[in-house]
Every structure is written in C-alpha cells, then in structure tokens.
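# Got a predicted structure plus its sequence, pasted below:
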Amino acid sequence: MLTISDIEAAIPHALTRVDLPGLGARQEGKVRDIYVAGDQRVLITTDRISAFDRVLGAIPFKGQVLNQLSAWWFAQTRDIVANHVISVPDPNVTLAREAAALPVEVIVRGYITGVTSTSLWTLYRQGVPRPYGLDLPPGLHKNDSLPEPVITPTTKATGGAHDERLTPAEVLERGLVEPGLWAEIQAAALAIFRRGQEVARRAGLILVDTKYEFGLIDGRPALIDEVHTPDSSRFWVAESYEATRGTDREPENFDKEFLRIWFAERGYRGDGIPPAMPAAFIAQVAQRYIAAYERLTGETFAPGAQPAADRIRANLTR
C-alpha cells in the first residue's frame, strides 16, 4: 500500500497525458484521452479527476486505479458478456475495439437510497406509484436492500445535457434498443451486478448501485467504459452499513461520493470555481481509491511510470 508521503510526492506530476505524435487525438469522457489509429480506438487513462461534470483537480494514481480495476473486472465478467478490451499494455493504458455505443446507459440498483428530488428513495417516500416503472414492496426504509436488483436506464447524455431517466418499458416504446437486444442487455447487466455484489461482499464492501455502458461490436453487445470502479459505482463499507441501519446516519462511502461530500460541505455544488483541495485531503482520496482496488481485487496496487508511448506504439504495430 502506498503511504501518504508517496502519494503527496506524486501530486505535482499527476496531471499528465501521453503524447502520441502522428495519431489523431481527441478527448472524450471524463478520465480518458482517446486516440484513433486506423480502425482501432486507443483509450489513454490519465490521472485527472472529474465530478460534477467538470475537471476539479488532480488525484495521484486515480487514472491508473480506474484503468487497472476496470481491466480486472472485464476479465472477471467475460463469461457473462463480451467486452471491448484488446489489451492492457501498461497501468495507464487500455487498447479497446471501436464500439458503437448504445443510446441507453443501464443503471442497476441493489439498495433504495439517494437524496435528490429524482432519487429512487425520494420518489418512493413521496408515494409515487411505480417509480421508474418498478413494482417495489411496501415498508422499505432508506438504504434498505431491495428484494432483487432493479434496472433504471437513462439516455446517454450528449452535448452537456443531463441524463434522462427512463423506465425499462420506455426504452422499447421509444425504439432506443431492439427488444431482443434489450432483453439480452438487461440479463447481462443483472448478472454482472450480482457478480460485483459477491466480490464486494468478500472485500467487506457493499455494491449499492452502478452504471453500465454497452455497445455493439460486429453487431453483438459488448461491455464498454468503466466497470465497478469508485467513479462508476457506489460502494458502502459493510461494517459501517450495519452500524447505521435504522439511524439517521449514512454508511461510510468507499467511492467518489467521499469527494463530492467534501465539496458540498464547503458550499460547492458544481458551479463556479471549486475550492482548492489541501494536499493531505488529496492524498486521503487517492489512498481510498487505491484501497478500493486492493480490497476488490485482492492484489497490491502497482503504479506504472509515465509516459507509456513506446509500449502503446508496440501494441499498435505488433
């Protein structure tokens, strides 16, 4: 496990990107640079941090954690559904196949929680009938586990717009995904989520909810983007969850919410200039990301050196 001193020493070098002369480069998403080399798409994960839909600062090794953890999950779930990974030649890098992303992102929830006006818990508490088209049992309390994981899909936001929550039926009614494909994707999403719950449970964590992105490769569904990382999923510490059940206290988060809460406590909710993060807090967040990787995978996190351009070129030309 990296020490606080190791992490703090890396802070000045955290905002980096890989330079690949001669390749068409563009930024896409929140944590990856994407390079186009012929018919291949190269995802370069760098140590940038994002929340509230904008880059806020630098968390050392965060990009490497997300890249390595997603690669580990892709390997754990390839028996459920195909994925877009070609190879992971470096802790910073994933080479991925070009995938036609579907216009729907699949959110799977194992617990009824949330504080926003559109959260599943808020709608349920207000007595909204069949929130997001779901038949939920009476008598649930905030943060209770659901009898079975449920799917609440969203549209895939583009151009700075926000995701639009849908019911599973609306996906078909709007013709967003063909019925047979949608059934296949829902089944895969639930199976991946249950696999994630099992792994998290063994790590002393609870996988609360997550968002999957699927695309098509050669006309077949494939899992793309991040999988079960602290940025793409919500995790609670199992011991904390048991201690807070039936109280007004929230379980300890082991995901990006830890960072969001820090900003919210200082009055920042995504608009204007965010407050500067002290080095000690940056290191604490980085340590939590690394701990999530190590607890889930059972492996020791090993940061790689940047730049990785030579290793990327070798994989592209082999």
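Received, thanks.

# From here on, just use CA atoms for contacts and neighbour counts.
Fine.

# Listing request: residues of the protein with sub-threshold pLDDT.
Counting by pLDDT under 70, the chain shows low-confidence ranges at 1, 11-58, 157-162, 305-318.

# And the contacts of whichever helix or strand A222 is part of?
Secondary structure assigned from DSSP states H and E places A222 in strand 220-224. Applying Cα atoms under 8 Å, 6 or more residues apart in numbering, the contact partners of strand 220-224 are 81-84, 99, 181, 185, 212-216.

# Let's see that with 6 Å instead.
Counting by Cα atoms under 6 Å, 6 or more residues apart in numbering, strand 220-224 makes contact with 82-84, 213-216, all of which sit outside it.

# do the same with stretch 197-206
By Cα under 6 Å, 6+ apart, the list of residues contacting stretch 197-206 from outside reads 207, 235-238, 295-296.

# The strand holding A222 pairs with which strands, parallel or anti?
According to DSSP bridges, strand 220-224 forms sheet pairs with strand 82-83 (parallel), strand 205-217 (antiparallel).

# would you list those in TSV and tack on mean neighbour count and distance to T3?
Formatted as TSV, the entries for these read as follows, by neighbours: other Cα atoms under 10 Å; distance: least, Cα to Cα, whole Å:
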stretch	mean neighbour count	distance to T3
strand 82-83	22	34
strand 205-217	22	22
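
# Mind checking those strands for the one nearest to D144?
Closest approach to D144 among those is made by strand 205-217 (10.1 Å; Cα to Cα).

# Which helix or strand contains the closest residue in space to L69 that isn't next to it in sequence?
Sequence neighbours aside, Y293 is the residue nearest to L69 in space, at 6.0 Å (criterion: Cα to Cα, 6 or more residues apart in numbering). Here Y293, judged by DSSP H and E, is contained in helix 279-297.

# just the strands in this structure please.
In the chain, the strands defined using DSSP state E lie at 24-28, 32-37, 40-45, 49-51, 54-57, 82-83, 85-90, 93-96, 100-111, 145-151, 154-155, 205-217, 220-224, 233-237.

# can you redo these as JSON lines with distance to R269?
Shown next, in JSON lines, are the strands of the chain (distance: least, Cα to Cα, whole Å):
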{"stretch": "strand 24-28", "distance to R269": "23"}
{"stretch": "strand 32-37", "distance to R269": "23"}
{"stretch": "strand 40-45", "distance to R269": "25"}
{"stretch": "strand 49-51", "distance to R269": "10"}
{"stretch": "strand 54-57", "distance to R269": "11"}
{"stretch": "strand 82-83", "distance to R269": "34"}
{"stretch": "strand 85-90", "distance to R269": "34"}
{"stretch": "strand 93-96", "distance to R269": "31"}
{"stretch": "strand 100-111", "distance to R269": "23"}
{"stretch": "strand 145-151", "distance to R269": "27"}
{"stretch": "strand 154-155", "distance to R269": "22"}
{"stretch": "strand 205-217", "distance to R269": "21"}
{"stretch": "strand 220-224", "distance to R269": "29"}
{"stretch": "strand 233-237", "distance to R269": "19"}
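
# Cool, thanks, talk later.
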